[in-house]
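**Student:** please work out how this folds:
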Amino acid sequence: MPIGTIGISMNYGYPGSFARNGDCIIMNRMVKKTDTVGPSFGDPVVLNTDNTYSKFGAAGTFALFAGIAIREAKQASTYAATGGVYEPGTPCDVLQRGNISVVCNVGTPIAGGAVYVRITANGAIPAGIVGGLEAAADGANTIALTNCEWATGLKDANGVTELCIKNRNKA
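**Tutor:** Just a heads-up that it's a prediction; the model follows:
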């Protein structure tokens, strides 16, 4: 191995992993049973009126934003078969405040910069996934998560970066 390859850059973690443990608030609720798909580790989630979580999607608004699904492996569950997804009808842990590793699909995060979540697909931005986090606004296709900011301006080759939820949006 050439010496130039040692210590250049490490990955920034796995989506849904805690980035810093000192200031984390986590809440556990069930994923809505009638959902067709649950949130993946690192996905933004919404709090439903029936006290359940759902993956942030086209109907998501900042008022419903509850936090980010964390990578919390339960002993009695297997996430390898689901690809790191909380299935509908199962408990889901969500980070309501603190720092977490997430995938930034569009744009380059800037430390302290705005965080957006896509609510409408845009064919001109194929990397923009509905419910995905982004560092660039796309008009009415994205909404700002005003209680969040990018913790660093660093993004690894997998698109993983660090997001900070500054304060709780939903209890």
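
**Student:** any stretches of the protein with poor pLDDT?
**Tutor:** Residues of the chain meeting the criterion pLDDT under 70: 1-10, 18, 21, 73-83, 171.

**Student:** could you list the buried residues of stretch 163-171?
**Tutor:** Leu163, Cys164, Ile165, Asn169 (16 or more other CB atoms under 10 Å). Just so you know, the C-beta spots here come from the backbone N, C-alpha and C atoms, and that holds for glycine as well.

**Student:** the first one - nearest residue in space that isn't next to it in sequence?
**Tutor:** What it means is Leu163. The shortest distance from Leu163 to any residue that is not its chain neighbour, by CB to CB, 6 or more residues apart in numbering, is 4.8 Å, and that residue is Val102.

**Student:** I'd assumed Gly42 was in contact with that neighbour.
**Tutor:** Yes. Contact between Val102 and Gly42 holds when scored by CB atoms under 8 Å: they sit 4.6 Å apart.

**Student:** more neighbours: those two, which one.
**Tutor:** Val102 (30 against 24; other CB atoms under 10 Å).

**Student:** how close does that one sit to Pro109?
**Tutor:** As judged by CB to CB, to the nearest Å, Val102 and Pro109 stand 10 Å apart.

**Student:** what touches both of the two?
**Tutor:** With contacts defined as CB atoms under 8 Å, 6 or more residues apart in numbering, the residues adjacent to both Val102 and Pro109 are Thr161.

**Student:** out of the buried residues of stretch 163-171, the closest to Gly98 would be?
**Tutor:** When those are ranked by distance to Gly98 (CB to CB), Ile165 comes first, at 6.2 Å.

**Student:** I'd assumed Gly67 was in contact with that closest one.
**Tutor:** Yes. At 6.1 Å, Ile165 counts as touching Gly67 under the criterion of CB under 8 Å.
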